[in-house]
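Q: Need coordinates for the following:
(one chain, ligands or ions: 1)
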Amino acid sequence: MTDTDHHAARLQRERTRTFDLLVSLSRDFDGIVAASVDSNADDEHDPEGSTIAFERSQAGTMIEQTRDRLVEIEAALERVHDGTYGTCEVCGVPIPDGRLEARPTARTCVLHVAGVADQGRRT
Ligand SMILES: [Zn+2]
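A: Numbers count the residues shown, from 1 in each chain. Sure, this is the predicted structure:
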């Protein structure tokens, strides 16, 4: 098994786990939304309603973060498929294995972590 295979296997597991989490978060979110419908739409004057509104926004944030994470994992698996996984997107050097171990979705070497935002300048 190569290092890439090893990281790819981890990413696959992480994708399954993240996907399951997203499904259960969405279910919770639906539950909260349903509860807020039940409790009458008068959020402003109903203390119960504002708690539900808060929970709903918290849950929404969690869902967004989890979805972003899933997108990152998908993109990393895509790079495994393309054969570009483990190579810095900015300078093209191999990303050290220790970094991929800590962060399997890493797209750049340590030097270019902050530079990802302006990678558009490349080419
Ligand atoms: Zn680099």
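Q: who in this protein is up against the ion?
A: By C-beta under 5 Å from the ion, the residues of the chain that approach the ion are 88, 90-91, 109, 112. Yep, even glycine has a C-beta here, placed from its N, CA and C like the rest.
Q: Among the residues you listed, which ones are in strands?
A: Among the residues of the chain next to the ion, no member falls in strands (DSSP state E).
Q: Quick check: the farthest pair among these?
A: V90 and C109 (7.5 Å; C-beta to C-beta).
Q: Could you dump the residues of the chain next to the ion into TSV with neighbour count, pLDDT and distance to F19 added?
A: Shown next, in TSV, are those (neighbours: other C-beta atoms under 10 Å; pLDDT from 0 to 100; distance: C-beta to C-beta, whole Å):
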residue	neighbour count	pLDDT	distance to F19
C88	22	96	28
V90	18	94	29
C91	12	95	32
C109	19	94	29
H112	17	93	29
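Q: R10 is in what secondary structure piece?
A: For R10, the host element (DSSP states H and E) is helix 3-38.
Q: So what's the gap between the following helix or strand past that helix and the chain middle?
A: Tracing the chain C-terminally past helix 3-38 and defining elements by DSSP H and E, one meets helix 47-82 next. When C-alpha coordinates are averaged (C-alpha atoms, centre = their mean, to the nearest Å), helix 47-82 and its chain have centres 7 Å apart.
Q: could you say what helices and strands helix 47-82 packs with?
A: Contacts defined by 3 or more C-beta pairs under 8 Å, 6 or more residues apart in numbering; DSSP states H and E place helix 47-82 against helix 3-38.
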